[in-house]
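A.B. asks: next come a sequence and a model predicted from it.
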Amino acid sequence: MVVEDDPTVRRALVTMLQKMNIPALAVGRCSQAMEEQQKEPADLIISDLQLPDGNGIELLQRFKNMNSAVEVIIMTGFGTIESAVEAMKLGASNYLLKPFTASQLEIALSQIAEKRELRTQNTYLKNQLAEESEFSSLLSTSPEMSRIQKLVLQVAPTDATVLIEGGSGTGKEVIARALHEKSLRKEKPYIKVNCAAVPENLLESEFFGHEKGAFTGATMKREGRFELAGGGTLLLDEITEIPLPLQAKLLRVLQEQEFERVGGSHTIRADVRILATTNRNLSRAVADGQFRQDLFYRLNVVLIHVPRLAERRGDVEFLLDKFLDRFAKQHKKPVPRVNPIALEQLARYAWPGNVRELRNYAERAVILSAKEGGSELTYADIIPAASNPAGDPVLGNGETFPSLAEVEKRLIYLALKKTSGNRNDAAGLVGINARTLRNKLKEYEGRAGEGAGPESDAPSA
């Protein structure tokens, strides 16, 4: 919006802006400017310092009170250092002396655009780094993850598209972050879009941005994630959630490196390195007709499969130590020690939530641990009973450590359960002969006050 009482200057400014493809509204008084801003807010206001019913400084304050993000350029033919300093202190984006050229105005607008882009990128980065930077060094030391680390170092310096497959909570985003940090684009933006969290009707706008008035509710122009990630890396998290019509548009961007905003006709160049994650089998999604085959081939340049935590049990102790140390510092608590037997039990746990589950349980254990060090964390201190009601089939639920005789008894009944009560086969499983097994069962049955164990585990007569 141009706020200028001189009709000639007003028309000249609007013409300059239109040549820069910037739609502009022009008014001549402060009251008109406030009325228009309340009806349809402008992103940028260029206001004269002296106006018939007020001045640009007062108008600047009122605009900033309405919306602190609005950009305001003050212009005047009677500039002083004092008025310029006052305007900048109150949040003016720039201060122009009349007469100025179209080039001077264009430079001022470019500076504003660059500043806005940096602010927007900073917001995205802060939100992402708050979660990701904590764990960017926790790729672990297991053979499985060591192979992935080597692959990351090989692929990261290139611009190759990378598809990262793995279950929820396995650390796919950590690997994506590492790919960016080790790339030649590491100084540029790293932007993420969670395809599963954005409503389907807004995904296209989220990707490519939209022009003002492109659809109901589009009250101002908005840059999409492809623009925000310009020169850097864009992570498409859970890419299988993208609907088929949008998959075609995404394929075009990946192939031609260009796109248009929703409701716009201006083609924008996309200098972006693409990373994608999925917790589903993408080949199967293609076979089921839920994912475009050509897009799959375009994404599957380099595939990184992240194994579940249960498949790399050597990581459990390593990651647990890291998480306990981190959360102890965060919550200002002593670093708790873990009972060695609990570590063995944790290595056998199924970890359905993978590394994310381990992280959450570690934080819970730190928060609920004693204020003073000394006692060791048991299995039950780390894994809530509700998450693992049956406990370990041999060692139990971790609340009390069983005797050797009790472990032997549980092991025999587990073997009988697995062999449907066949004593010969059960004896073979535990490494004893059938006569010894029969004697053990008679011993258990003959003990006063002891039954044959849980009904579901007891052998048939």
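C.D. replies: That came through, no problem. Numbers count the residues shown, from 1 in each chain.
A.B. asks: any chance you could map the strands in the stretch 201-350 of the chain?
C.D. replies: Taking DSSP state E, counting those that start in this stretch as the criterion, the stretch 201-350 of the chain carries its strands at 209-210, 222-223, 233-237, 258-260, 267-269, 273-278, 302-306.
A.B. asks: just put the ones you listed in TSV and tack on distance to Ser110, mean pLDDT and mean neighbour count.
C.D. replies: (Glycine included, C-beta is placed from N, CA and C.) TSV is the format used below for the strands of the stretch 201-350 of the chain (distance: least, Cβ to Cβ, whole Å; pLDDT from 0 to 100; neighbours: other Cβ atoms under 10 Å):
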stretch	distance to Ser110	mean pLDDT	mean neighbour count
strand 209-210	18	88	22
strand 222-223	15	84	18
strand 233-237	24	94	24
strand 258-260	21	89	16
strand 267-269	16	87	14
strand 273-278	25	95	24
strand 302-306	37	94	17
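A.B. asks: export those as a markdown table, with columns for distance to Leu202.
C.D. replies: A markdown table is the format used below for these (distance: least, Cβ to Cβ, whole Å):
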| stretch | distance to Leu202 |
| --- | --- |
| strand 209-210 | 9 |
| strand 222-223 | 11 |
| strand 233-237 | 15 |
| strand 258-260 | 16 |
| strand 267-269 | 19 |
| strand 273-278 | 19 |
| strand 302-306 | 29 |
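A.B. asks: so which of those strands comes closest to Arg147?
C.D. replies: strand 302-306 (9.6 Å; Cβ to Cβ).
A.B. asks: so what secondary structure elements neighbour that closest one?
C.D. replies: helix 143-155, strand 162-166, helix 172-181 (3 or more Cβ pairs under 8 Å, 6 or more residues apart in numbering; DSSP states H and E).
A.B. asks: got JSON lines for the ones you listed, with mean pLDDT and mean neighbour count too?
C.D. replies: What follows is the helices and strands packed on strand 302-306, written out as JSON lines (pLDDT from 0 to 100; neighbours: other Cβ atoms under 10 Å):
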{"stretch": "helix 143-155", "mean pLDDT": "89", "mean neighbour count": "15"}
{"stretch": "strand 162-166", "mean pLDDT": "94", "mean neighbour count": "22"}
{"stretch": "helix 172-181", "mean pLDDT": "91", "mean neighbour count": "22"}
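A.B. asks: same list (the ones you listed) but as a markdown table, adding distance to Glu357.
C.D. replies: Shown next, in a markdown table, are the helices and strands packed on strand 302-306 (distance: least, Cβ to Cβ, whole Å):
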| stretch | distance to Glu357 |
| --- | --- |
| helix 143-155 | 17 |
| strand 162-166 | 14 |
| helix 172-181 | 15 |
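A.B. asks: so for Ser420, which of the ones you listed sits nearest?
C.D. replies: Using Cβ to Cβ and comparing the helices and strands packed on strand 302-306, the one that lies nearest Ser420 is helix 143-155, at 34.6 Å.
A.B. asks: how far out from the middle of the chain is the closest one?
C.D. replies: Centre-to-centre, helix 143-155 and its host chain are 21 Å apart (Cα atoms, centre = their mean, to the nearest Å).
A.B. asks: mind listing the helices in the stretch 1-150 of the chain by residue range?
C.D. replies: Under the criterion DSSP state H, counting those that start in this stretch, the stretch 1-150 of the chain contains helices at 7-19, 30-39, 56-66, 81-89, 102-132, 143-155.
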